[in-house]
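Asker: Build me a model from this:
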Amino acid sequence: MRARTDSSGTHLWLVLMKAHRTLARHAACSIGSLEMCFSDFAILEALLHKGPLPVTEIGRKIELTSGSITTAVDRLEERRLVTRGADVNDRRARIVRLTPGGQAVIERVFAEHKASMDRSAPSLSRRERATLIALLKKLGRAADVQLAEAGADRTVRARRRRNPKTGRMARR
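Answerer: Next comes the predicted model:
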């Protein structure tokens, strides 16, 4: 007799967590081989695919604290991969842009990373990957809506980032 497949939310979460861990190890190996730390890669990748962004928005997208994002942007600016300038719509905000050299670097590095990540999932066809991506987006959006409706989203994020002993934002 064949056992029934567990399709509970808990089992789904466990399977996703295990798959994420494995793919994250592949990504870490890929990015590490590119002689770039993860935060630098994430910033450059966001700018490549989203265009110029405010520093605070980059921090939110890649989940870095304000201090960490500032340090990372400083590092990329020193390497002449990005520039930081004023936002014409908000004098308080700073916009980060890829330099031509930064554009060339991230295009090359991202192409290598993309090829590496494609090799990490050989058991799925292109069609299966597209279906999985659509389903995961649907799941993520629905879970986000549920958290927002419950008012839990901000509470969970604040608890995750704030050190209960010092009250300061925790490093990642």
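
Asker: quick one: buried residues of stretch 29-48?
Answerer: Buried residues in stretch 29-48, defined by neighbour count with 16 or more other CB atoms under 10 Å: 30-31, 34, 36, 39-48. Just so you know, the C-beta spots here come from the backbone N, C-alpha and C atoms, and that holds for glycine as well.

Asker: so which of these would you say is closest to residue 145?
Answerer: Nearest to residue 145 out of those is residue 46 (CB to CB; 23.7 Å).

Asker: Let's have the buried residues of stretch 29-48 in CSV, adding secondary structure, distance to residue 91 and pLDDT.
Answerer: Shown next, in CSV, are those (DSSP: H, G, I helix; E, B strand; the rest coil; distance: CB to CB, whole Å; pLDDT from 0 to 100):
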residue, secondary structure, distance to residue 91, pLDDT
30, helix, 39, 89
31, helix, 35, 89
34, coil, 36, 79
36, coil, 32, 84
39, helix, 27, 92
40, helix, 27, 94
41, helix, 30, 94
42, helix, 27, 95
43, helix, 23, 96
44, helix, 26, 96
45, helix, 28, 96
46, helix, 23, 96
47, helix, 22, 97
48, helix, 27, 96
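
Asker: Pull the most distant pair out of these.
Answerer: Going by CB to CB, the pair spanning these furthest: 30 and 47, at 18.9 Å.
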